[in-house]
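**Q** Build me a model:
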Amino acid sequence: MSWNEAYSRDCAPTLEEIDGYIASPLWLALRGFIEENFASRPSVQHSICSGAPGWNVKYKKSGRALCTLYPQKGHFVCLVCIGNREAAEMSLLVNTLTPYVRSVYQEAGSLNGTRWLMIDVTDEHILADVQKLLCLRARPAK
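**A** The predicted structure follows:
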């Protein structure tokens with residue numbers, strides 16, 4: 001059963017249910033990283049977006065979107081938007097990223113100056129890249 005089928009629009013999952021569905025230490029590591037470094041709390045929201053319908057977890061910092069996490073069985077996808085504000089720093093950072101994340105960035109089309117990176121977080125190296133991108137989006141609280 002897909003994530004979208006498991007929890008209908010009228011049946012919001014708890015964070016514990018999302019944790020159990022994903023069942024990945026990378027998920028817990030990223031949630032912990034965000035909550036500790038950005039003093040951000042998760043917001044479980046429902047989306048009817050055709051690209052990733054269903055329940056997701058959003059994080060914001062100072063009212064600005066930090067990332068959106070999309071549950072998958074055994075892993076998750078992280079959406080990070082890189083806009084004009086981050087472009088100069090991103091040009092320096094991009095060559096330090098894993099080949100996978102670098103290709104996601106390079107292949108992402110720009111919409112109004114923003115690249116929407118949908119990153120499938122499947123290993124520790126990709127997780128580290130996502131953490132770098134989040135630090136680019138917002139300054140950590142610490």
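
**Q** how much space is there between Arg102 and Ser91?
**A** Taking Cβ to Cβ, to the nearest Å as the criterion, Arg102 is separated from Ser91 by 12 Å. In short, each C-beta sits where N, CA and C put it, glycine included.

**Q** Going along the chain, name the helices of this protein.
**A** 3-6, 15-22, 25-38, 87-93, 99-107, 124-137 (DSSP state H).

**Q** related to what we said a few turns ago, which residue of Arg102 and Ser91 possesses the greater neighbour count?
**A** Between Arg102 and Ser91, counting by other Cβ atoms under 10 Å, Arg102 is the more crowded of the two (15 against 9).

**Q** okay but that one is in contact with Asn95, surely?
**A** Yes: contact between Arg102 and Asn95 holds when scored by Cβ atoms under 8 Å: they sit 7.4 Å apart.

**Q** the bottom helix or strand of this protein by mean pLDDT?
**A** Across the helices and strands of the chain, mean confidence by mean pLDDT, DSSP states H and E is lowest for helix 3-6: a mean of 69.
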